[in-house]
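Q: Fold the following for me, if possible:
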Amino acid sequence: MKNKGEILAEILTKFEDCYFFLHNTKEPDVAEEIMNEGFVFESQLPHSSDRVNPNEPIEVTYFMFQRKDYGSFTIIIAIPRSTYENYSAISNKQDTGIEEILTITEPYYGDNDELIYTISPKHILGYFNIKTCEFFQNRNWDPFFNNARARSSGKKRFNTAGK
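A: Numbering: from 1, shown residues only. The predicted structure is shown next:
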């Protein structure tokens, strides 16, 4: 019998050639909101999510074990490798963080004096209910979406207030 991490890893392998970032939340309504509006995170994506390789199910299982206290709904961010590498190349060329390229909103400083960014709902593959092992795919997910095409070049100004 497969454990929950192995089940999720098997689901993710069906979405080939993506980088996957996972984030847990406690409420299904929050998971739905993220699928519709995007994933808001502070500072750097690795501070709010964990990158996993579905070809290594133990990584996914370990994530679920380590992050279980954060909730039973695992948000899945799936960015095709070519798109992510394009984002990375642009961020290197512009000498800015990749978050600047990923974000669909103007970054702003949050309560902790850290920049707040938003990943497009088109990069949110869906969420996994850990209790029931059900996967809910986001109808907004678009493997062909590339935020860099929609953004103007140059460095961004940062808002000092919230949205």
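Q: Closest to the centroid, which residue in this structure?
A: In the chain, the centroid-proximal residue (Cα atoms, centre = their mean) is Ile77; its distance is 3.3 Å.
Q: And the strands in this structure?
A: Under the criterion DSSP state E, strands of the chain are mapped to 18-25, 39-42, 50-52, 73-80, 108-109, 115-119, 124-129, 134-137.
Q: Thr96: which of the ones you listed is closest?
A: Thr96 lies closest to strand 115-119 among the strands of the chain, at 11.1 Å (Cβ to Cβ). To be clear about C-beta, it is placed using only N, CA and C from the backbone, and glycine gets the same treatment.
Q: contacting residues around the closest one?
A: Strand 115-119 is touched from outside by 37-43, 45, 77, 99-100, 102-105, 107-110, 158, 162, with contacts defined as Cβ atoms under 8 Å, 6 or more residues apart in numbering.
Q: These, buried ones only, as a ChimeraX selection?
A: Buried residues among the contacts of strand 115-119 (16 or more other Cβ atoms under 10 Å), as a ChimeraX selection:
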select :38,39,40,41,42,43,45,77,99,100,102,103,104,107
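Q: Any stretches of this structure with poor pLDDT?
A: By pLDDT under 70, the weakly predicted segments of the chain are 149-163.
Q: one more time with 80, if that's ok
A: Scanning the chain for pLDDT under 80 picks out the ranges 1, 149-163.
Q: Looking at it, which residue reaches furthest from the middle?
A: Here the centre of the chain is the reference, and by Cα atoms, centre = their mean the most remote residue is Met1, at 28.7 Å.
Q: Identify the spatial nearest neighbour of the residue nearest to the centre of the chain, chain neighbours not counted.
A: Nearest residue to Ile77, sequence neighbours excluded (Cβ to Cβ, 6 or more residues apart in numbering): Phe21, at 4.1 Å.
Q: That neighbour is in contact with Phe41, isn't it?
A: No: assessed by Cβ atoms under 8 Å, Phe21 is found out of contact with Phe41, at 9.5 Å.
Q: tell me, what's touching these two both at once?
A: Ser49.
Q: Present the strands of the chain as CSV; the columns should include distance to Tyr87.
A: Shown next, in CSV, are the strands of the chain (distance: least, Cβ to Cβ, whole Å):
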stretch, distance to Tyr87
strand 18-25, 10
strand 39-42, 15
strand 50-52, 14
strand 73-80, 8
strand 108-109, 20
strand 115-119, 11
strand 124-129, 16
strand 134-137, 23
